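Colleague: Take a look and give me a structure for this.
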Amino acid sequence: MRYKSTRGESPEVTFSEVLLGGLAPDGGLYMPEAFPKFSIQEIQSWSELSFDQLASKILYPFVKEEIDEDTFLDLLKDAYSTFDEKDVVKLEKLEDNRWVLELFHGPTLAFKDVAMQLLGVLLNHFAKERGQKIVVLGATSGDTGAAAISACSRHENVEVYILYPHGKVTDFQRKQMTTTQSQNVHPIAVKSDFDGCQDIVKKMFLDENFKNDKVRFIAANSINWARCMTQSVYFFWSYLKMIGSKEDLTFSIPSGNFGHAYAGWTAKQMGLPIKRLLIATNKNDVLHQTFSTNNYSKTGVVQTLAPSMDISVASNFERLLYNLYDDNSSILAKNMRAFPAKSIDIPQAKKELVASFFNSFRSDDEEIIQEIKETFTRHDYLLDPHTATGVRASNGIVNKEEPVITMGTAHPAKFTEAIEKALPSYTSELPNKVAKAFEQEEIFTILPDDYLEIKQFILSKAL
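Modeller: I've put the predicted structure just below:
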């Protein structure tokens, strides 16, 4: 399996180069030359596999040129040994035809652990193999940074620098990044918003001064293909749990950077019979506008109770556009060069396909609070504010006869402000492992929204 840039102006590379490369040199995102295809009979034959065994079946075609199958399975077992749930993820039924897929049983209580824990062991594997230090650079609106830090902190060959908007993540999210006491972890609070942090990280990967023979700088954000491919696994897992009862599935996905949703698209391209994806947004509704109007344009950002979705540009949407342009990189590159000054239309020939597979729904803070309250009252089940947008989308778009699985993206204890607004009398308790970690001193650095100063800070420590 080789990988090429969505913009078509970079050489094809191997999986390890994708893992370690971040953005392609031309500014595009790496994509596999083709998706592996599985028949429905083959998929159904995996129904008795453990999560790590299932992941190996689905993901091995993406890495087989560089990792033997037994080693890859061992890496998967190592990654998922950090989860509290035996099956890694867990389906919880709310009512007839409505489930929440709990993806928050990993070390940082967020869905991103599923991909990030594997990313960490893969980075350590290739660092040892190459005799090269790996430095992870990332920007986060909340959960990605904590997941990246947790994934990398236990690996001696990896360092991690995470930029986050100062004062614009929850106390819980900040403490998850700042209390590890690990010497290889460097949280950086930037006096900017998430998009400003992400722009700095993107600029770093296009900066020739960051290239070094002894140190390899790589991206931890959802633009890394390894994350998209890994997140596709639990779409298959959900289908296999439903065999014999509810096989024609719709998934409702709280969506920010579109990586999670693109993982569902990836699963469908590989042969999984997904009926459609519901794209749930908060007040920052760039994706809702895109699927409602067939037009993708940058919007402003406001702070909400669901901060991991506070974005104005959905970076992974470029991957879907690439597929909708029939993998024509020249058309995509032209449109992306003009963006965001000029918006991007979904191709006329693909509008019907997009409309039939993607639906979207927007929730503001008041509606999120109301959904948390109603779901708790009706089902005695507590939602975090991001998952609440997904549940609300499933109820707002789909009739009660259609089975829908909402992706449970985070443990509600991470978002006490929203829980307290919805349920003033509810006392939210931190899981023991998290409460103990939060007793540690916070260690982080505050820097201005200045590319050169942030660049110098990182280089002074990493090299």
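Colleague: Now residue 442. Nearest residue, chain neighbours left out?
Modeller: Using Cβ to Cβ, 6 or more residues apart in numbering and skipping residues adjacent in sequence, the residue nearest residue 442 is residue 178, 4.0 Å away. All C-beta spots, glycine's among them, are computed from the backbone N, C-alpha and C.
Colleague: Would you mind listing the residues in contact with the one you found?
Modeller: Contacts of residue 178 were listed using Cβ atoms under 8 Å, 6 or more residues apart in numbering, and they are 187, 442, 443, 444.
Colleague: Kindly report the same for residue 31.
Modeller: 3, 4, 5, 6, 225, 319, 322, 327.
Colleague: just residue 55 next, same as before
Modeller: 76, 80, 118, 230, 233.
Colleague: go on, residue 148?
Modeller: Residue 148 sits next to 116, 119, 136, 138, 140, 160, 162, 220 when contact means Cβ under 8 Å, 6+ apart.
Colleague: Okay, and which of those map to strands?
Modeller: Within the contacts of residue 148, residues falling in strands by DSSP state E are 136, 138, 160, 162.
Colleague: so the first one sits right up against residue 127, yeah?
Modeller: This means residue 136. No: the criterion here is Cβ atoms under 8 Å, and residue 136 misses it with residue 127 at 10.8 Å.
Colleague: More neighbours: which of these two?
Modeller: More neighbours surround residue 136 than the other of residue 136 and residue 127, with 30 against 18 (other Cβ atoms under 10 Å).
Colleague: quick one, what contacts the nearest residue to the more buried one once chain neighbours are set aside?
Modeller: Distance criterion Cβ to Cβ, 6+ apart; nearest residue to residue 136, sequence neighbours excluded, is residue 160 at 4.2 Å. Counting by Cβ under 8 Å, 6+ apart, residue 160 makes contact with 135, 136, 138, 148, 149, 152, 153, 184, 185, 186, 220.
Colleague: host element of the fourth one?
Modeller: Element membership for residue 148 (DSSP states H and E) is helix 143-153.
Colleague: Could you pull up the mean pLDDT of that helix?
Modeller: For helix 143-153, the mean pLDDT works out to 83.
Colleague: ditto for stretch 206-221
Modeller: 80.
Colleague: ditto for stretch 19-34
Modeller: Stretch 19-34 comes out at a mean pLDDT of 90.
Colleague: ok, now stretch 42-50?
Modeller: The average pLDDT for stretch 42-50 rounds to 96.
Colleague: Same check on stretch 425-438?
Modeller: pLDDT averaged over stretch 425-438 gives 79.
Colleague: List the buried residues for it?
Modeller: By 16 or more other Cβ atoms under 10 Å, the buried positions in stretch 425-438 come out as 430, 434, 437.
Colleague: cool, stretch 28-48 as well?
Modeller: Under 16+ other Cβ under 10 Å, the buried positions of stretch 28-48 are 28, 29, 30, 31, 32, 35, 36, 38, 43, 46.
Colleague: Surely the fifth one is in contact with residue 228?
Modeller: What that stands for is residue 32. No: using Cβ under 8 Å, residue 32 makes no contact with residue 228, being 9.8 Å away.
Colleague: Would you mind checking which of the contacts of residue 31 is nearest to residue 290?
Modeller: Distance to residue 290 across these (Cβ to Cβ) is lowest for residue 319, with 13.6 Å.
Colleague: Mind listing the residues bridging to the residue nearest to residue 398 when sequence neighbours are not counted?
Modeller: Distances taken as Cβ to Cβ, 6+ apart put residue 404 closest to residue 398, at 5.3 Å, once the chain neighbours are dropped. Using DSSP bridges, the beta-bridge partners of residue 404 come out as residue 98, residue 250.
Colleague: show me where pLDDT drops low in the stretch 101-250 of the chain?
Modeller: Along the stretch 101-250 of the chain, the parts satisfying pLDDT under 70 run over 142-143, 246.
Colleague: Could I get the full set of strands for it?
Modeller: 133-139, 158-165, 185-190, 215-219, 249-254 (DSSP state E, counting those that start in this stretch).
Colleague: so which of these comes closest to residue 271?
Modeller: Here strand 249-254 is closest among those (Cβ to Cβ), at 13.7 Å.
Colleague: quick check: angle from the next helix or strand along the chain from the closest one to helix 143-153?
Modeller: As assigned by DSSP H and E, the chain's next helix or strand after strand 249-254 is helix 259-269. Going by axes from the mean of the first three to the mean of the last three Cα atoms, to 10 degrees, helix 259-269 is angled at 80 degrees with respect to helix 143-153.
Colleague: tell me the mean pLDDT for helix 259-269?
Modeller: Averaging pLDDT along helix 259-269 yields 96.
Colleague: list the contacts for the spatially closest residue to residue 345 that is not a sequence neighbour?
Modeller: Nearest non-adjacent residue to residue 345, counting by Cβ to Cβ, 6+ apart: residue 295, 5.6 Å away. Residue 295 sits next to 289, 343, 344, 345, 346 when contact means Cβ under 8 Å, 6+ apart.
Colleague: Could you do residue 428 as well?
Modeller: Contact analysis of residue 428 by Cβ under 8 Å, 6+ apart lists 412, 413, 416, 419, 420.
Colleague: ditto for residue 445
Modeller: Remark: with contacts taken as Cβ under 8 Å, 6+ apart, residue 445 is in contact with 186, 187, 188, 189, 457.
Colleague: for residue 423, same thing?
Modeller: 372, 373, 376, 382.
Colleague: Likewise for residue 357?
Modeller: By Cβ under 8 Å, 6+ apart, the residues touching residue 357 are 265, 268, 276, 277.
Colleague: do you know how far it is from residue 40?
Modeller: 18 Å (Cβ to Cβ, to the nearest Å).
Colleague: so residue 24 touches residue 10, yeah?
Modeller: Yes: between residue 24 and residue 10 there is a contact at 4.1 Å, judged by Cβ under 8 Å.
Colleague: and these two? which has more neighbours close in?
Modeller: More crowded of residue 24 and residue 10, by other Cβ under 10 Å: residue 24, with 26 against 19.
Colleague: For the spatially closest residue to that one that is not a sequence neighbour, grab phi and psi.
Modeller: What sits nearest to residue 24 in space, not counting adjacent residues and going by Cβ to Cβ, 6+ apart, is residue 5, at 3.5 Å. Residue 5 adopts backbone torsions of phi -80, psi 140, taken as degrees, to the nearest 10.
Colleague: residues contacting residue 5?
Modeller: By Cβ under 8 Å, 6+ apart, the contact set of residue 5 is 24, 25, 26, 28, 29, 30, 31, 329.
Colleague: Mind listing the residues bridging to it?
Modeller: residue 30.
Colleague: For the buried residues of stretch 425-438, give me TSV that also has distance to residue 93 and secondary structure.
Modeller: Converted to TSV, the buried residues of stretch 425-438 look like this (distance: Cβ to Cβ, whole Å; DSSP: H, G, I helix; E, B strand; the rest coil):
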residue	distance to residue 93	secondary structure
430	26	coil
434	26	helix
437	31	helix
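Colleague: Show me which of those is closest to residue 350.
Modeller: For the buried residues of stretch 425-438, the nearest to residue 350 is residue 434 (43.5 Å; Cβ to Cβ).
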